[in-house]
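Enquirer: Provided below are the primary sequence and the corresponding predicted coordinates.
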Amino acid sequence: MKVLILAALLCMHSAVTHAATRAAPVSNSTASSIEEGLLPPEYLGQCPSGWFKKGSRCFLMVTSKKNWNDAAHCVGQQGSLASVQSSDEYNFLQTMVTLSGQSSAWIGGFYFQGAWLWIDSAGFYYTNWKVQNTLKYPCLQLNSNGGWSNIYCKKIYAFICARKLSC
């Protein structure tokens, strides 16, 4: 328990420090340190380049098309296929799909032993079904024109990766 409290305090401290650093102008020594590779390119509480922040997570729209299983490419990005936890988050992801010019994208929902689950182990509480096909199609795709559907996992689509903010 003490370790968790300490980790939370360190995280809050680094977030406050990061906020103060972002508000302050960058000194020449800091800028040159970044250029020389002495400081990491990512700061705590920020998303890596190309990822977009929403809440406490970062999202990446990958437009190269893969089947649902091969979209595990997200693991190589230190993430997983995206779970959707709220209507606000859904709208954000739907906008990502639309702006990338895709009609749909894989997300991390799958049907297993009588229940819908998220690959990142988040609770499957929020739903936004456009069409729910027979349960022989156990993989979820998010549609740019609204909702999500379960379809055949071997189809190829773009996909959305998610990862927690580093802290």
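Expert: Looks like it arrived, so ask away. Residues are numbered from 1 along each chain as shown.
Enquirer: so who does residue 59 touch?
Expert: The neighbourhood of residue 59, defined by C-beta atoms under 8 Å, 6 or more residues apart in numbering, consists of 51-53, 82, 92-93, 96, 160-162. All C-beta atoms are positioned from the backbone trio N, CA, C, and that covers glycine.
Enquirer: of these, buried ones?
Expert: Burial by neighbour count, 16 or more other C-beta atoms under 10 Å: within the contacts of residue 59 this picks out 51, 82, 92-93, 96, 160-162.
Enquirer: which of those residues sit farthest apart?
Expert: Taking C-beta to C-beta as the measure, the buried ones among the contacts of residue 59 span a maximum distance of 13.9 Å, between 92 and 161.
Enquirer: which one of the contacts of residue 59 is nearest to residue 128?
Expert: Looking across those and measuring by C-beta to C-beta, the closest to residue 128 is residue 93, at 10.1 Å.
Enquirer: tell me the secondary structure at that closest one.
Expert: Per DSSP: H, G, I helix; E, B strand; the rest coil, the local secondary structure of residue 93 is helix.
Enquirer: ok so, going back, now, the contacts of residue 59 that are in helices?
Expert: With helices defined by DSSP state H, the entries of the contacts of residue 59 inside them are 92-93, 96.
Enquirer: related to what we said a few turns ago, adding pLDDT, write the buried ones among the contacts of residue 59 out as a markdown table.
Expert: Listed next are the buried ones among the contacts of residue 59 as a markdown table, based on pLDDT from 0 to 100:
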| residue | pLDDT |
| --- | --- |
| 51 | 96 |
| 82 | 98 |
| 92 | 97 |
| 93 | 98 |
| 96 | 97 |
| 160 | 98 |
| 161 | 98 |
| 162 | 98 |
